[in-house]
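A.B. asks: got a predicted model here, sequence first, then my questions.
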Amino acid sequence: MAPTLPAYTIKVSNRARQVSLRVTRETGLVVTVPAGYDIRRLPAILSQKVDWIQDALEKVSKLPLPIKKDLPEKLHMPAFGQSWRIVLVPVAINRTSIKEGSAVLEIRGRVEDHQAVIRVLKTWLKKKAQAYLPAWLDRVSRQTGLSYQGLAIRDQRTRWGSCTAAGNINLNMKLLLLPPDLVEYVIIHELCHTRIMSHSLKFWQLVGSYYPEWRSARKKLRDISRQLPI
Ligand SMILES: [Zn+2]
């Protein structure tokens, strides 16, 4: 039986003399081929190297993600009328902590470790989300008559929310960083999933009956996802 090949990207290079493989955490498997190369030959070549490819993919999947953004100077929570300035205080201790002042978040400790700073910011944001989002979900649930079983706040990388078949709703803690109309939209969207799981026409009609501007909300969400501070 032929081994299953992972997905890969083909790069044509004028300088390449032969086929070469490269695996990184960000790109997955990239196959570079010389210009004019017949790519129909690739599956056979890759099949011979499938063990090496699987090993390499597994190895990079365990690497920490590089920080792609600089640390934010501020966290805006427009739906809650809050804006937090972030102040970093380097202290030679082996932990990093966060303290709320008035409109200031003071982060002390190993602040040169940006990942540690992001971690404490995320922990803080999650607590805020746990304090603020349940009441919002409850209110929209009452207004729409769409009931749900439970709520979990998560740090999801790619989704604003989700809903299980049992009616449990997950909301992304980063909703706190969105304007109020978009928070409202995400919550209505997930509550509608308690009735209809799929993104069918019926589903969007249901969403539209509570939130007519859902199309523009979806577009705004996509745009804003690329500019999140953390
Ligand atoms: Zn959905």
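C.D. replies: It's in. Values in this document were obtained by computation on a predicted structure and should not be read as measured data.
A.B. asks: which residues does stretch 172-189 contact?
C.D. replies: With Cβ atoms under 8 Å, 6 or more residues apart in numbering as the test, stretch 172-189 has contacts from 75-80, 122, 125-126, 128-130, 132-133, 136-137, 140, 144, 153-156, 159-161, 171, 207, 210-211, 213-214, 217-218, 220-221, 224, 228-230. The C-beta positions use only the backbone N, C-alpha and C, and glycine is treated the same way.
A.B. asks: low-confidence ranges in this protein?
C.D. replies: Within the chain, the ranges that satisfy pLDDT under 70 run 1-3, 64-69.
A.B. asks: the domain parsing of this structure - what is it?
C.D. replies: Split into domains by automatic domain parsing, the chain comes to 8-61, 74-225.
A.B. asks: of those, flag the one that's most buried.
C.D. replies: Burial of these is given as mean neighbour count (mean count of other Cβ atoms under 10 Å); domain 74-225 ranks first at a mean of 16.
A.B. asks: about what we covered before: looking at the contacts of stretch 172-189, which are in helices?
C.D. replies: 122, 125-126, 128-130, 132-133, 136-137, 140, 144, 207, 210, 214, 217-218, 220-221, 224 (DSSP state H).
A.B. asks: how close does the most centrally placed residue in the chain get to G101?
C.D. replies: When the chain is reduced to its mean C-alpha position, the closest residue under Cα atoms, centre = their mean turns out to be R157, at 1.8 Å. Computed as Cβ to Cβ, to the nearest Å, the R157 to G101 distance reads 30 Å.
A.B. asks: biggest strand in this protein, by residue count?
C.D. replies: strand 82-90 (DSSP state E).
A.B. asks: pull the CA atoms of it into PDB?
C.D. replies: Output for strand 82-90, consisting of C-alpha atoms alone and laid out as PDB, is shown next (Å, rounded to 0.1, in the frame of the first residue of the first chain):
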ATOM      1  CA  GLN A  82     -11.500  50.000  29.200                       C
ATOM      2  CA  SER A  83      -8.100  50.700  28.000                       C
ATOM      3  CA  TRP A  84      -5.000  49.300  29.800                       C
ATOM      4  CA  ARG A  85      -1.600  50.600  29.400                       C
ATOM      5  CA  ILE A  86       1.100  48.000  29.700                       C
ATOM      6  CA  VAL A  87       4.200  48.800  31.800                       C
ATOM      7  CA  LEU A  88       7.100  46.400  32.000                       C
ATOM      8  CA  VAL A  89       9.200  46.400  35.100                       C
ATOM      9  CA  PRO A  90      12.300  44.300  34.800                       C
END
